[in-house]
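Asker: quick one, structure for this:
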Amino acid sequence: MKILIAPDKFKGSLSAHEVGSALSQGLKKANPNLDITTLPMADGGDGSLEVLAHYFDLKTITLEVEDPLFRPINAAYKMVDTTAYIEMAAASGLALLKVKERDCMETSSFGTGELILDAIRKGATTIYLFIGGSATNDGGMGIASALGWSFYNEQGALLVPTGENLTSVNRIDGTFLFYKPAKVKFKVICDVNNPFYGTNGAAYVYAAQKGATPDEVKILDDGLRNLADVLKAGDYGDIADIPGAGAAGGVGGGAIAFLNADLVSGIQTFIEMTDLEKQIKDCDLVITGEGKLDAQTQQGKVISGVCALAEKYNKRVIAVCGDAEKDAAEKLGIPKVFTILEGTDSLEEAMTKSAEKLIEIGASIKL
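Answerer: Sure thing, here's the model as predicted:
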């Protein structure tokens, strides 16, 4: 029997590779002769480069850049030949800040722009930018500033590229860029479809978790609206309603306007890079998983992408998760879900003993 294990990471607990390894151990414990293939997966969020490194021989490049609050920090990206892979979370991620430091009025994506510029100077002509896990809501102004764009208020003063200053942007100058845009192709990897602003936009949906108060959320939304208007008036294009423009505090839209980037589905990118479709076509059973199976899973997460391919080839799917909402599996057509939480006494135990519990679950799966 050929089994394919294609999981996402269990955030805060295990990497995708560790999840697959633990399940494989459990399955072989009960059935030593199984033919098991493990494909760690990601959807474009933080941790994506770790998964890519499992498949490709990538060079790691580390440099000092500015963190979300403009403090020096060492951050790394990956490169092979003339292609660079950059995680926004490495330089501008929420995980880089203490809870009390989260303030997307003051944070900037500038450090991510510094990583991009370094990659270009090292010869990158194609850049994959993974924008999950950001600490910012600056509409991509920080990235653009690091690459040479300047933002001015009505009085002609140069603005610091933060969320707080979005409402003050009156003029954008891209005359003296630090690279030649025609020579670099950008693919921005995201897993959400939010517009740039509005009730479903970047600020209203995500800014609170990045430290914004209700009043600040409105200010940030007004600022993104203002930036979109200035961009449109300056012939940068109309990004307001493009699905995904609101990803990463508006970096999705900013990347379209400033970098002429293509927004690409995270899970679809990994499906192509890992040759997942062929692996599913050739197996008898698919096991997938993520930290929590819930309503968001259907919105371009790993499990939804795996399930779509399994359905295409009429393959049975089992999901193994940290936790799962009651109706989520049914909506995805998953007949059986195992969760770590149901076999433990607390969330803390589930988090600390994830690998051990996944081995137990693997051994208990009836084939």
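Asker: excluding its backbone neighbours, what's nearest D67?
Answerer: Nearest non-adjacent residue to D67, counting by C-beta to C-beta, 6 or more residues apart in numbering: I73, 4.2 Å away. C-beta coordinates here come from the backbone N, C-alpha and C atoms, glycine included.
Asker: burial check on that neighbour, number of neighbours?
Answerer: For I73, the neighbour count with other C-beta atoms under 10 Å is 17.
Asker: partners of it in the sheet?
Answerer: V65 (DSSP bridges).
Asker: what's near enough to touch the closest residue to Y152 other than its chain neighbours?
Answerer: Nearest residue to Y152 in three dimensions, chain neighbours excluded: R171, at 4.5 Å (C-beta to C-beta, 6+ apart). R171 sits next to F151, Y152, G156, V230, G234 when contact means C-beta atoms under 8 Å, 6 or more residues apart in numbering.
Asker: repeat the analysis, applying 10 Å as the threshold.
Answerer: Residues near R171 by C-beta atoms under 10 Å, 6 or more residues apart in numbering: S150, F151, Y152, N153, E154, G156, L159, V230, A233, G234.
Asker: list the contacts of the fifth one.
Answerer: Listed by C-beta under 10 Å, 6+ apart, the contact set of E154 reads S168, V169, N170, R171.
Asker: could you report the distance from the last one to L259?
Answerer: Plainly put, R171 is 19 Å away from L259 if you go by C-beta to C-beta, to the nearest Å.
Asker: separation between L97 and Y77?
Answerer: Distance from L97 to Y77, by C-beta to C-beta: 20 Å.
Asker: now do the helices in this protein.
Answerer: 16-30, 48-55, 88-92, 110-121, 141-146, 202-206, 214-233, 247-259, 266-274, 276-281, 302-312, 328-332, 347-352, 354-364 (DSSP state H).
Asker: most tightly surrounded among the ones you listed?
Answerer: Of the helices of the chain, the one with the most neighbours on average (mean count of other C-beta atoms under 10 Å) is helix 247-259, at a mean of 31.
Asker: quick one, domains of the protein?
Answerer: 2-41+275-364, 48-266 (automatic domain parsing).
Asker: now do stretch 323-332: distance from first to last residue.
Answerer: Stretch 323-332 has an end-to-end distance of 16 Å (C-alpha to C-alpha, to the nearest Å).
Asker: i'd like the first residue to be 130 from this point on
Answerer: From this message on, residue numbering opens at 130, which makes the last subject stretch 452-461.
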